[in-house]
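# How does the following fold in three dimensions:
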Amino acid sequence: METSAYLRAVVEQTSTFADWVNGKDAKAPVPTCPEWALADLVDHVGSTQRMVTMLVGERMTEPSEAFARYVPGPADPAQWRDWLTEGAAEAQQAFASVADDTPVWDPSGAAAGVPFWSRRLLGEVCVHRADAASALGTRYELPPELAVAATEDWLDTMTSRGYWENRRGFADAMRGDGQTLHFHATDAPGEWLARREQDRVALERAHTKADVAVRGPAVDLLLVLSRRRPLNGALEVHGDRALFEHWIEHMDWVTD
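Numbering: from 1, shown residues only. Predicted coordinates for the structure are as follows:
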């Protein structure tokens, strides 16, 4: 997907999220993020989008100023819809003002901040819309092609050099000697091979034999990998199931 397509999807997904949460109980628990109430979830989605808008729109190559200018969400749930949709629209405008090679801080270590953040915003809102669904008892649906894009974001971010270097617990747990995991979306083009090495998790877009293969609809793959849905038969697992379960146990980027 191109940057503009990511941002169109961000606006659409944020609009749905905003419609769901608007006027709801701010204290409602979020089962998939046990530390959070609904107000925390709304605050996180809208504030993250505004932080990224600052990073991209102001071409920041160092993030401290954007972190310092944190914009909290409204205390009144009746204002949530407007606040969320305005923030997504501002993000879309910020990305429209830059090129993919415009220098912007990239926490992945790849030095490609604009493409990174465009995809990251989509992954964020898709996964957090699942959190809202769990809090509100709403049915969660996502087009397979967007679920593939959000899965790509999740896997690419979790296997990035920046994540490895800044999450020592994750690096220690994922350090390996070549163990491989293959993830395969069955309803849209999307396949990934993760290889656990001593100094990184290498990610390839490939169809190949692996120690464990995990197959299923893209939305189920996304929700299981992001720990929003238990495995419980949602996906086919062939090979070393314990290897996949270990992977899931350490996909602990839940509320950070």
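# Only C-alpha atoms from now on, for both contacts and neighbour counts.
Fine.
# pretty sure His238 is in a strand, no?
Yes. Applying DSSP: H, G, I helix; E, B strand; the rest coil, one finds His238 inside a strand.
# Tell me the gap between stretch 158-167 and the middle of its chain.
Relative to its chain's centre, stretch 158-167 lies at 14 Å (Cα atoms, centre = their mean, to the nearest Å).
# residues in contact with it?
Pro107, Ser108, Gly109, Ala110, Thr157, Phe170, Ala171, Arg200, Val201, Ala202, Leu203, Met251 (Cα atoms under 8 Å, 6 or more residues apart in numbering).
# Most neighbours among these, which one is it?
Val201 (25 neighbours; other Cα atoms under 10 Å).
# Now do the contacts for that one.
Thr159, Ser160, Met174, Arg175, Ala194, Arg195.
# for Leu231, same thing?
Neighbouring residues of Leu231 by Cα under 8 Å, 6+ apart: Val224.
# and the gap between it and Arg215?
Relative to Arg215, Leu231 is positioned 11 Å away (Cα to Cα, to the nearest Å).
# Poorly predicted segments of this structure, please.
253-256 (pLDDT under 70).
# Dead centre of it: give me the residue that sits there.
For the chain, the residue nearest the mean C-alpha position is Gly123 (3.3 Å; Cα atoms, centre = their mean).
# Correct me if wrong: that residue contacts Trp154.
Yes. Contact criterion Cα atoms under 8 Å: Gly123 and Trp154 qualify, at 6.7 Å.
# And the strands in this protein, which stretches?
Taking DSSP state E to define them, one finds strands in the chain at 179-185, 191-196, 201-204, 212-216, 236-239.
# How far does the first one sit from its chain's centre?
On the basis of Cα atoms, centre = their mean, strand 179-185 is displaced by 18 Å from the centre of the chain it belongs to.
# What helices and strands are in contact with it?
Strand 179-185 sits against strand 191-196, strand 212-216, helix 218-225, with contacts defined as 3 or more Cα pairs under 8 Å, 6 or more residues apart in numbering; DSSP states H and E.
# Need the contact partners of that strand.
Contacts for strand 179-185 (Cα under 8 Å, 6+ apart): 148, 190-197, 207-218, 221, 243-244.
# What strands flank that strand, and is each parallel or antiparallel?
strand 191-196 (antiparallel), strand 212-216 (parallel) (DSSP bridges).
# which of the ones you listed is buried the deepest?
strand 191-196 (a mean of 22; mean count of other Cα atoms under 10 Å).
# Out of the contacts of stretch 158-167, which two are the most distant from each other?
Ala110 and Met251 (20.8 Å; Cα to Cα).
# which residue packs closest to Thr53, ignoring adjacent ones?
Distances taken as Cα to Cα, 6 or more residues apart in numbering put Ala91 closest to Thr53, at 4.8 Å, once the chain neighbours are dropped.
# so that neighbour sits right up against Arg50, yeah?
Yes. Counting by Cα under 8 Å, Ala91 does reach Arg50; the two are 6.9 Å apart.
# Contacts only, for Asp252.
Asp252 makes contact with Arg227 under the criterion Cα under 8 Å, 6+ apart.
# Quick check: it vs Ala213, distance?
21 Å.
# go on, Pro115?
29 Å.
# again, but for Glu12
Distance from Glu12 to Ala213, by Cα to Cα: 32 Å.
# domain parsing for the chain?
Under the assignment automatic domain parsing, the domains of the chain span 3-141, 149-249.
# how far is the first one from where the chain is centred?
In this view, domain 3-141 has its centroid 10 Å away from the chain centroid, taken as Cα atoms, centre = their mean.
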